[in-house]
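>>> missing the sequence, but the structure's below:
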Ligand SMILES: Nc1nc2c(c(=O)[nH]1)N[C@H]1C(S)=C(S)[C@@H](COP(=O)(O)O)O[C@H]1N2
Ligand SMILES: [Mo]
């Protein structure tokens with residue numbers, strides 16, 4: 001659903017015209033004539049549009065295809081006042097402009113601490129050192145000779161929704177929830193590379209390091225490294241984009257995005273966590289009493305309604321509305337999403353459509369007839385462990401208000417009579 005969709009009133013005549021246009025040129029022509037006889041003709045039906053009067057571009061005019069010019073508003077966006085400089089900053093996935101479960105590569109949010117490294121793959125190396133029997137250095141060609149796997153995972157920054165801890169702040173799901181993307185990765189299981197190097201008995205942790213100017217580093221327990229981590233080189237079939245870590249990135253399924261080291265150049269094997277910046281002063285959660293939780297790696301179940309939402313109001317007036325949104329959990333799948341239109345008085349079961357995969361985004365829908373009165377929209381995800389997404393109130397009762405990270409509380413959008421939506425908090 002885009003904000004360029006034509007206004008659509010589901011009265012009988014427009015519905016028939018739409019169906020006829022989709023059904024075939026002959027019937028379409030007859031419908032248009034019938035409409036002309038009845039009253040105002042629809043110029044989009046009776047006039048020959050310009051694009052039927054000249055030949056279009058041939059093949060190869062666009063060797064790497066781009067979206068239609070009419071989709072130019074569908075872009076990643078950042079919030080200038082959030083960070084001092086775009087080099088160490090974040091932008092946000094336009095969730096309200098997407099459907100299904102896959103995030104197109106060009107719309108995956110970006111989070112860099114030292115800008116985008118532009119790496120020549122022929123010059124790139126991945127080193128494994130530390131507590132291994134054979135320290136190794138892999139070229140990209142070496143990586144491509146290991147068995148590879150294809151898996152779809154969400155990546156969520158632990159700071160996603162972090163600006164909302166103190167109350168409703170940013171007006172749009174792109175900004176409140178857009179530090180997430182969901183991509184099919186092709187990569188080599190990290191386990192295979194570690195086995196090639198041969199872990200020593202004392203190996204209990206790895207340190208993953210990036211080749212960007214920030215040289216980001218994170219400690220990861222060996223159990224996770226040997227379980228489902230991938231050293232990925234493709235996203236949605238094509239090579240990783242430079243923004244996402246070309247030519248190699250670590251995929252750490254279900255765990256906070258910060259651990260998914262981009263431009264991966266080194267893995268050190270050790271016997272204790274390193275206590276790097278990103279796991280001490282950052283990515284720890286300070287509680288009300290001043291103590292901090294650390295090693296809070298897993299992203300808990302969360303959901304958000306993407307349409308309607310502040311950037312995607314109801315523009316069609318009362319009548320049929322397709323409510324949709326996304327849900328995910330770092331602990332498994334999402335068997336159920338509930339939706340309320342009245343701030344939690346009545347809950348309805350949403351319909352999940354599309355693949356339900358482990359640690360991947362799920363798409364839900366709830367179709368309803370809007371009577372034109374104000375709405376308080378919320379969604380609530382249940383994951384396959386039985387965990388239910390908490391209210392923000394319940395979350396604050398446990399976590400206090402000093403946190404930045406891991407805010408998975410239920411989001412509310414207030415919709416007014418005009419169909420405009422606003423970020424509010426009611427529970
Ligand atoms: N080398 C390196 N890896 C990195 C980062 C970085 O700045 N440098 N940022 C991390 C953070 S905080 C997040 S949330 C994710 C963002 O991944 P994305 O840019 O593909 O959305 O990458 C992580 N990996
Ligand atoms: Mo992050």
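Yep, that arrived. Just so it is clear, the structure is predicted and the values come from calculations on it, not from any experiment. Ligands and ions are numbered 1, 2, ... in the order given.
>>> CA atoms for contacts and neighbours, from now on please.
Noted.
>>> Flag every residue of the stretch 1-150 of the chain that's near ligand 1.
108, 109, 110, 111, 112, 113, 114 (C-alpha under 6 Å from any ligand atom).
>>> Surely the first one is in contact with residue 181?
Yes. Counting by C-alpha atoms under 8 Å, residue 108 touches residue 181, with 5.5 Å between them.
>>> Now residue 390: closest residue in space, sequence neighbours ignored.
residue 409 (5.3 Å; C-alpha to C-alpha, 6 or more residues apart in numbering).
>>> Please list all residues in contact with that neighbour.
302, 389, 390, 391, 392, 395 (C-alpha atoms under 8 Å, 6 or more residues apart in numbering).
>>> Save those as JSON lines, and put in neighbour count too.
Shown next, in JSON lines, are the contacts of residue 409 (neighbours: other C-alpha atoms under 10 Å):
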{"residue": "302", "neighbour count": "28"}
{"residue": "389", "neighbour count": "23"}
{"residue": "390", "neighbour count": "20"}
{"residue": "391", "neighbour count": "18"}
{"residue": "392", "neighbour count": "21"}
{"residue": "395", "neighbour count": "18"}
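>>> sorry, back to before: quickly list what's touching both of residue 108 and residue 181.
Taking C-alpha under 8 Å, 6+ apart as the criterion, residue 108 and residue 181 both touch residue 93.
>>> What ranges does the stretch 51-200 of the chain have for its strands?
89-90, 111-112, 126-130, 136-138, 149-156, 180-189 (DSSP state E, counting those that start in this stretch).
>>> Inside strands: which ones of the contacts of residue 409?
residue 302 (DSSP state E).
>>> give me every residue that touches residue 199.
131, 132, 133, 269.
>>> Could you rank those residues by neighbour count and give me the top one?
Among the contacts of residue 199, residue 269 has the most neighbours (other C-alpha atoms under 10 Å), with 27 neighbours.
>>> Which of the contacts of residue 409 sits closest to ligand 1?
residue 302 (16.3 Å; C-alpha to the nearest ligand atom).
>>> Tell me which residues touch that closest one, please.
So residue 302 contacts 327, 328, 329, 380, 381, 389, 408, 409, 410 (C-alpha under 8 Å, 6+ apart).
>>> what about the first one, helix or strand, and which?
Okay, so that is residue 327. strand 319-328 (DSSP states H and E).
>>> The fifth one too?
Using DSSP H and E, residue 381 maps to strand 375-382.
>>> how far out from the middle of the chain is that strand?
18 Å (C-alpha atoms, centre = their mean, to the nearest Å).
>>> Pull the residues that contact it.
Contacts of strand 375-382 (C-alpha under 8 Å, 6+ apart): 301-305, 327-328, 334-344, 388-390, 410-416.
>>> ok, how many other residues are close to residue 283?
Residues near residue 283, counting by other C-alpha under 10 Å: 25.
>>> scratch that, residue 304 is what I was asking about
28.
>>> what's the answer for residue 416, then?
16.
>>> burial of the spatially closest residue to it that is not a sequence neighbour, as a residue count?
In this structure, residue 416 finds its nearest non-sequential neighbour in residue 374, 4.5 Å apart by C-alpha to C-alpha, 6+ apart. By other C-alpha under 10 Å, 17 other residues sit near residue 374.
>>> Isn't residue 374 up against residue 417?
Yes. Here residue 374 lies in contact with residue 417, judged by C-alpha under 8 Å, at a distance of 5.4 Å.
>>> ok, which residues in the stretch 151-300 of the chain are in contact with ligand 1?
So the stretch 151-300 of the chain meets ligand 1 at 157, 210, 212, 214-216, 243-244, 257-263 (C-alpha under 6 Å from any ligand atom).
>>> sorry, back to before: the contacts of residue 199: which two are farthest apart?
Greatest spacing in those, by C-alpha to C-alpha: 133 and 269 (10.7 Å).
>>> what's near enough to touch residue 286?
Residues near residue 286 by C-alpha under 8 Å, 6+ apart: 292, 293, 399, 402, 403.
>>> for stretch 354-363, how far is the first residue from the last?
7 Å (C-alpha to C-alpha, to the nearest Å).
>>> can you tell me the average pLDDT over that stretch?
Averaged across stretch 354-363, pLDDT comes to 98.
>>> Ignoring the adjacent residues along the chain, who's closest to residue 274?
Per C-alpha to C-alpha, 6+ apart, closest to residue 274 is residue 219, 6.1 Å.
>>> returning to that earlier point: out of the contacts of residue 286, which end up buried?
Neighbour-count burial (16 or more other C-alpha atoms under 10 Å) is assigned, among these, to 292, 399, 402, 403.
>>> Can you flag which of these belong to helices?
residue 399 (DSSP state H).
>>> Including pLDDT, could the buried ones among the contacts of residue 286 go into CSV?
Shown next, in CSV, are the buried ones among the contacts of residue 286 (pLDDT from 0 to 100):
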residue, pLDDT
292, 94
399, 95
402, 90
403, 90
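>>> and which of the buried ones among the contacts of residue 286 is nearest to residue 171?
So of the buried ones among the contacts of residue 286, ranked by how close each gets to residue 171 (C-alpha to C-alpha), first place is residue 403, at 20.4 Å.
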